[in-house]
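Participant: Need coordinates for the below:
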Amino acid sequence: MPRGAAIEIQGLTKRYGDVTAIDDVSLTVAEGEFVTLLGLSGSGKSTTLMAVAGFVDPDGGSIAISGSDVTALPPEKRNLGVVFQNYALFPHLNVFDNIAFPLRMRRHAESEIETQVRRVLDLVSLRDLSARRITELSGGQQQRVALARALVFSPPVLLMDEPLGALDRQLREQLQIEIRRIHRQLGVTVLYVTHDQEEALSM
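Facilitator: Reported below is the predicted structural model:
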């Protein structure tokens, strides 16, 4: 059974001055479904994703997760995993501590943190690199760390904003396979943003 949560977007609108970034968007994503938002730069797909994450306040409409309205909730109250295009990792922390960060913010016991971080390190095939500093990793390895950090607290929804955009073609294709495998394995709901039509069809 999927562990994911349904997402319900109704009439979502966001304006920046005279520019309408999101224009009355409605979308339903079922539990455990993998949905890709595909479009050109500036089409509003990332703004829609960031509104679901809670980083953008919409001017109209509503967002519900598992039937509960989260439109007014701050990001930290939504319990969603987010992977950004630039990874947003902490360069002064090693791989383990980057991944552990969300659990420490939630004040989990260190024994549980150890268990959960090791679990996701195995999931993204990085167990041998747990002590490495972020600056010592390749782009693909950093992307795996970002993915592991987004999954370590077992969120029902994973939001991914152009997560492979900074990688070369061969690495992108390899990580597309990895992300699909992880989705199948965990059953998490995924909302994925890309401007690459080939990538969208592959995912």
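Participant: Can you check the distance spanned by stretch 46-65, start to finish?
Facilitator: End-to-end distance of stretch 46-65 (C-alpha to C-alpha, to the nearest Å): 18 Å.
Participant: Which residues in that stretch does the neighbour count mark as buried?
Facilitator: 46-54, 56, 58, 61, 63-65 (16 or more other C-beta atoms under 10 Å). C-beta: built from backbone N, CA, C; applies to glycine.
Participant: Could you give the separation of that stretch from the chain centroid?
Facilitator: Relative to the mean C-alpha coordinate of its chain, stretch 46-65 is positioned 14 Å out (C-alpha atoms, centre = their mean, to the nearest Å).
Participant: likewise stretch 132-145?
Facilitator: Per C-alpha atoms, centre = their mean, the centroid offset for stretch 132-145 relative to its chain is 17 Å.
Participant: Quick one: end-to-end distance for it.
Facilitator: Counting by C-alpha to C-alpha, the terminal residues of stretch 132-145 are separated by 11 Å.
Participant: quick one: average confidence on that stretch?
Facilitator: Across stretch 132-145, pLDDT averages out at 92.
Participant: Go through it and flag the buried ones.
Facilitator: Quick answer for stretch 132-145 (16+ other C-beta under 10 Å): 134, 137, 140-145.
Participant: Out of these, the closest to residue 113 would be?
Facilitator: Of all the buried residues of stretch 132-145, residue 113 sits closest to residue 145, with 15.5 Å by C-beta to C-beta.
Participant: Doesn't that closest one belong to a helix?
Facilitator: Yes. Under DSSP: H, G, I helix; E, B strand; the rest coil, residue 145 falls within a helix.
Participant: What about the buried residues of stretch 46-65, which are in strands?
Facilitator: Taking DSSP state E, the ones among those that sit in strands are 61, 63-65.
Participant: which of those lies closest to residue 111?
Facilitator: Nearest to residue 111 among those is residue 65, at 29.4 Å by C-beta to C-beta.
Participant: so what pLDDT did that closest one get?
Facilitator: 97.
Participant: related to what we said a few turns ago, save the buried residues of stretch 132-145 as a markdown table, and put in distance to residue 97 too.
Facilitator: Converted to a markdown table, the buried residues of stretch 132-145 look like this (distance: C-beta to C-beta, whole Å):
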| residue | distance to residue 97 |
| --- | --- |
| 134 | 10 |
| 137 | 13 |
| 140 | 20 |
| 141 | 15 |
| 142 | 14 |
| 143 | 18 |
| 144 | 15 |
| 145 | 10 |
